[in-house]
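Visitor: Next comes the sequence, and after it the predicted model I'd like to discuss.
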Amino acid sequence: MVIKKRIITIITLTLMPFALFSQASSIMKMMNKGEYDKVLPKIEETYGKDTLNKDRLNLLYNYYISDKNIDRDSLVALSYAQQYNKIDKKNPISTSELAKSD
């Protein structure tokens, strides 16, 4: 019984990143379709308050920077980009032009 639980735990932890990636992909598709009213609740449902999650920060950055979004706010987007850049130093989001806009 203990072995079954360990195997299930290992499988779950192995597949979890793939599930989150597919969630991020589906949220990006929602943004591409212009369904911005559904994006924030979906991010909250998927990632909760995990402020150190790169996917969450990237999604929130894309949400607030999009020209199609009526809730566009470049200062909020800048904040999420800076938080993202603290975690991912290899592929940072460029913030130089973002700070000058709006």
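Guide: Thanks, I have it. Numbering: from 1, shown residues only.
Visitor: Nearest residue to the most centrally placed residue in the chain in space, ignoring adjacent ones along the chain?
Guide: Nearest to the mean C-alpha position of the chain, by C-alpha atoms, centre = their mean, lies residue 56 at 2.3 Å. Once flanking residues are discounted, residue 56 sits nearest to residue 47: 4.0 Å by C-beta to C-beta, 6 or more residues apart in numbering. No exception for glycine: its C-beta is placed from N, CA and C like everyone else's.
Visitor: Tell me which residues touch the one you found, please.
Guide: Each residue near residue 47 by C-beta atoms under 8 Å, 6 or more residues apart in numbering is listed here: 20, 53, 55-56, 59.
Visitor: Rebuild those as JSON lines, extending it with secondary structure.
Guide: Formatted as JSON lines, the contacts of residue 47 follow (DSSP: H, G, I helix; E, B strand; the rest coil):
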{"residue": "20", "secondary structure": "helix"}
{"residue": "53", "secondary structure": "coil"}
{"residue": "55", "secondary structure": "helix"}
{"residue": "56", "secondary structure": "helix"}
{"residue": "59", "secondary structure": "helix"}
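Visitor: got a winner among the residues you listed for most neighbours?
Guide: Neighbours here mean other C-beta atoms under 10 Å. Within these, the largest count is held by residue 59, at 25 neighbours.
Visitor: I'd say that one and residue 26 touch.
Guide: No: counting by C-beta atoms under 8 Å, residue 59 does not reach residue 26; the two are 10.6 Å apart.
Visitor: one step back: let me see the contact set for the residue nearest to the centre of the chain.
Guide: 43, 46-47, 50.
Visitor: Which among those residues count as buried?
Guide: 43, 46-47 (16 or more other C-beta atoms under 10 Å).
Visitor: Of those residues, which is the nearest to residue 96?
Guide: Checking these against residue 96 by C-beta to C-beta gives residue 43 as the nearest, at 25.8 Å.
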